[in-house]
Each structure stands twice: as structure tokens, then as C-alpha cells.
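Enquirer: I need the structure of the sequence given here:
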Amino acid sequence: MKRWSNTMLTGLVIGILVPMISFQTYVSLYRKGETLIQVVDRFIFLNVLTHVMSLACIPNLLVFFLFLWTNNERSAHGVIGATIIYALTVAVLIFI
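Expert: Below is the predicted model of the structure:
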């Protein structure tokens with residue numbers, strides 16, 4: 001029987017949400033008084049948005065290994081897929 005936690009879709013959704021949550025956590029902890037939009041605008045102005053997006057994907061490594069340690073290999077594959085989606089997005093933004 002296939003568990004809901006061991007599906008590629010679960011890993012993909014979690015792999016997409018974790019970098020967003022980590023970026024939001026950074027904004028709320030270290031950029032007090034600024035909204036998310038203001039921070040993103042500042043990063044675009046400073047031309048470091050792609051760098052920040054790449055760094056926000058680091059927690060996916062922890063999620064990936066967590067899925068592997070709990071024998072949820074399909075979910076781990078989904079996290080890798082989400083990270084590849086982020087990498088392609090960063091590559092497209094660099095070349096625009």
C-alpha cells in the first residue's frame with residue numbers, strides 16, 4: 001500500500017514550499033520593518049535575487065535526507081525535482 005507521505009507529489013510540494021518558508025523566515029527575522037515585496041525589490045535592485053533564491057534552497061537538503069532516513073525514497077525524488085525546478089528558474093532569471 002502506498003502511503004501519502006511517500007509519493008513524488010508530496011516531495012515536490014514540500015520541496016517547493018520549504019525554500020519559500022525559509023525566505024519568509026529570513027525576511028521576518030532580519031528585515032524588520034520591511035515587507036516581503038520591499039525586500040524582493042531591493043534584491044532585484046542589487047542584482048542578488050538569484051543568489052538569494054539559490055541559498056533559500058539549502059534547507060531542501062535537510063528535507064531530502066530526512067525523507068531518505070525515513071525510507072520515503074519517492075518523496076526524496078520529489079524534493080530533488082523541486083530543487084531542479086528552482087535551479088532552472090534561477091538559470092532563466094540569470095539569462096533574462
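
Enquirer: Nearest the middle, which residue of this structure would you pick?
Expert: By CA atoms, centre = their mean, the mean C-alpha position of the chain lies nearest to residue 19, the distance being 2.5 Å.

Enquirer: Work out for me the element that residue sits within.
Expert: For residue 19, the host element (DSSP states H and E) is helix 8-30.

Enquirer: Give me the buried positions along that helix.
Expert: 8, 10-12, 14-16, 18-19, 22-23, 27 (16 or more other CB atoms under 10 Å). (C-beta placed from N, C-alpha, C; glycine too.)

Enquirer: Looking at the residues you listed, which is nearest residue 34?
Expert: Comparing those against residue 34 with CB to CB picks out residue 27 as the nearest, at 7.2 Å.

Enquirer: Okay, the closest residue to the closest one other than its chain neighbours and residue 87: tell me how far apart.
Expert: Leaving aside its sequence neighbours, residue 27 sits nearest to residue 39 (CB to CB, 6 or more residues apart in numbering; 5.1 Å). Using CB to CB, to the nearest Å, residue 39 is found at 22 Å from residue 87.

Enquirer: Kindly report the same for residue 61.
Expert: Computed as CB to CB, the residue 61 to residue 87 distance reads 13 Å.

Enquirer: now residue 35
Expert: Taken as CB to CB, the span from residue 35 to residue 87 is 27 Å.
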